[in-house]
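model the structure of this input:
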Amino acid sequence: MIPNKEVGLDNHTKHTSIPAEVIPFVLLIIALFALALTGILVKFSLREMSVNETLFNRSWIAAIVFGLWNGFYQLRIQQSDEQFILKKRNETRDYGLLLGASVAYMVGRLLWTWSLTETSVANANVIGGLSPVFTTLGAWLLFKQIFDRRFLIGLVVAILGAIVLGLDDLIVSKHGLIGDLAALGCAILYAATYLILEYLRSKFSVETVLMWRCSVGTILTLPLVLTSENQLFPSSLSGWLIVFSLAVVCEALGHGLTVYSLKRFSSTFVLMVYLLDPVIAATLAWILFSEQLSLVNWLGFAIIMVGIYLGKTGKGAEKKSNSEQIEPKDVNDMEPSF
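Presented below is the predicted three-dimensional model:
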């Protein structure tokens, strides 16, 4: 796990010779690798469980993990002698936005999964990967965020790289309009989710955000499992290990570090980096399942890397430094992160 206190990580970067943005970027890459394992673990899971069963068990286990972590930390705060300046800033609207982000994310995930049955995998990946376009537009309209030409060029290059990744399949695939629209809806919902989380990042801890999201996921998938499946839980030890790994590695580590990174980076840049997810997943599949990578795959990987570099060095990837956002210390600032 990463350090218990976000403030501790920020202070550490200030007192070392390492640039302040390096560690958060490394953590973002670690999150990318953790999330890239999702497809591998799901592939193993589908040998004995359905997609709905896998998603349901992954969600409720992760919700318990985040709930226990949050409860443990709150208990430690109550027993501590440290004094905090409390600010009442988690209003009803904030909780409404948190609930909305949780629902939007889960509906987006279900839409993308359903789109795979109506269109090609390539189309679903390419169209679903358009989220950074919508986060850029949303950040400009809602947050008045400024993106320079270098960042926008990097965004376009990275998306072109994602298109190149699916070029082989796109050439031979038959387009399914309904599936493409579902994937587009997923991209919009994911963009909305990350924009909301970027706004809420200063109001809720990482574990609180993800506890809500996983709880909502459990509630939404439970009826699907009850009505369409023969069992609720894994029937073997290997099945339990898989869903537990999905909950801890993919949800707690992967999504935990993702939400943490929104403290330093814009949601657009985070989603731009995650355009590399298919490449990492394909590389892992090549190692584990001997699935071949074509020259086109490597070309797409290189183009995305160029786009990420341009975006990282442009204006719009990072937020204002902590010194420009000085606030009194309170409970939310001292909460742990994954």
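
only C-alpha atoms from now on, for both contacts and neighbour counts.
Fine.

Val243 reaches Arg58, doesn't it?
Yes - with contacts counted by C-alpha atoms under 8 Å, Val243 reaches Arg58, the gap being 5.3 Å.

neighbour-wise, which of the two wins?
Each of Val243 and Arg58 had its neighbours counted (other C-alpha atoms under 10 Å), and the higher figure belongs to Val243 (28 against 24).

read off the pLDDT value for the more buried one.
Per-residue confidence (pLDDT) for Val243: 91.

same question for Ala34.
87.

same question, Ser120
Listed pLDDT for Ser120 reads 60.

repeat for Trp60
92.

looking at it, Ile242 is touching Ser45, isn't it?
Yes - counting by C-alpha under 8 Å, Ile242 does reach Ser45; the two are 6.3 Å apart.

can you check which residues contact both of these two?
Counting by C-alpha atoms under 8 Å, 6 or more residues apart in numbering, Ile242 and Ser45 have no contacts in common.

pull out the buried residues from the strand or helix carrying Gly161.
Secondary structure from DSSP states H and E places Gly161 in helix 149-165. By 16 or more other C-alpha atoms under 10 Å, the buried positions in helix 149-165 come out as 150-165.

which of those scores worst on pLDDT?
Lowest pLDDT among those: Leu165, 67.

give me the low-pLDDT residue ranges for the stretch 101-250 of the chain?
116-126, 165-177 (pLDDT under 70).

please name the nearest non-neighbouring residue to Arg201.
The spatial neighbour of Arg201 that comes closest, neighbours along the chain excluded (C-alpha to C-alpha, 6 or more residues apart in numbering), is Lys263 at 6.4 Å.

helix, strand or coil for that neighbour?
coil (DSSP: H, G, I helix; E, B strand; the rest coil).

what about it, neighbour count?
22.

you'd agree it is up against Glu198?
Yes - between Lys263 and Glu198 there is a contact under C-alpha under 8 Å: 7.3 Å.

what comes up buried for the helix or strand harbouring Leu181?
Using DSSP H and E, Leu181 falls within helix 177-200. By 16+ other C-alpha under 10 Å, the buried positions in helix 177-200 come out as 179-200.

now do the contacts for Leu55.
For Leu55, the contact set (C-alpha under 8 Å, 6+ apart) comprises Gly217, Thr221.

again, only this time at 10 Å
Leu55 sits next to 42, 49, 109-110, 214, 217-218, 221-222, 225, 243, 246-247 when contact means C-alpha atoms under 10 Å, 6 or more residues apart in numbering.

now for these, which pair is the farthest apart?
Met49 and Cys214 (19.1 Å; C-alpha to C-alpha).

more crowded one of those two?
Neighbour count, other C-alpha under 10 Å: between Met49 and Cys214, Cys214 has more, with 27 against 21.

which parts of the helix or strand that one falls within are buried?
Here Cys214, judged by DSSP H and E, is contained in helix 206-228. Judged by neighbour count (16+ other C-alpha under 10 Å), helix 206-228 contains these buried residues: 206-218, 220-222, 225.

likewise stretch 298-312?
For stretch 298-312, using 16+ other C-alpha under 10 Å, the buried residues are 298, 300-312.

ok, now stretch 37-50?
The neighbour-count check on stretch 37-50 (16+ other C-alpha under 10 Å) flags Leu37, Thr38, Gly39, Ile40, Leu41, Val42, Ser45, Met49, Ser50 as buried.

for the fifth one, report the pLDDT, please.
Among the per-residue scores, Leu41 holds a pLDDT of 82.

confirm for me that it is in contact with Trp240.
No - counting by C-alpha atoms under 10 Å, Trp240 is not a contact partner of Leu41; they are 11.6 Å apart.

for the two, list the residues in contact with both.
Joint contacts of Leu41 and Trp240 (C-alpha under 10 Å, 6+ apart) are Thr54, Leu246.

could you point out the longest helix in this protein?
Counting residues, the longest helix found in the chain (DSSP state H) is helix 51-79.

centre of the chain to that one, how far?
17 Å (C-alpha atoms, centre = their mean, to the nearest Å).

following element in sequence after it, please.
Defined by DSSP H and E, the subsequent element after helix 51-79 is helix 92-115.

just checking, what packs against that next one?
helix 51-79, helix 121-128, helix 177-200, helix 206-228 (3 or more C-alpha pairs under 10 Å, 6 or more residues apart in numbering; DSSP states H and E).

those helices: which one's closest to Val26?
Closest among those, using C-alpha to C-alpha: helix 206-228, at 17.7 Å.

so after the helix holding Cys214, what's the next helix or strand?
helix 237-245.

what's that following helix in contact with?
Defining contact as C-alpha under 10 Å, 6+ apart, one finds that helix 237-245 is touched by 37-38, 41-49, 53-62, 233-234, 246-252.

fine, thanks again, bye for now.
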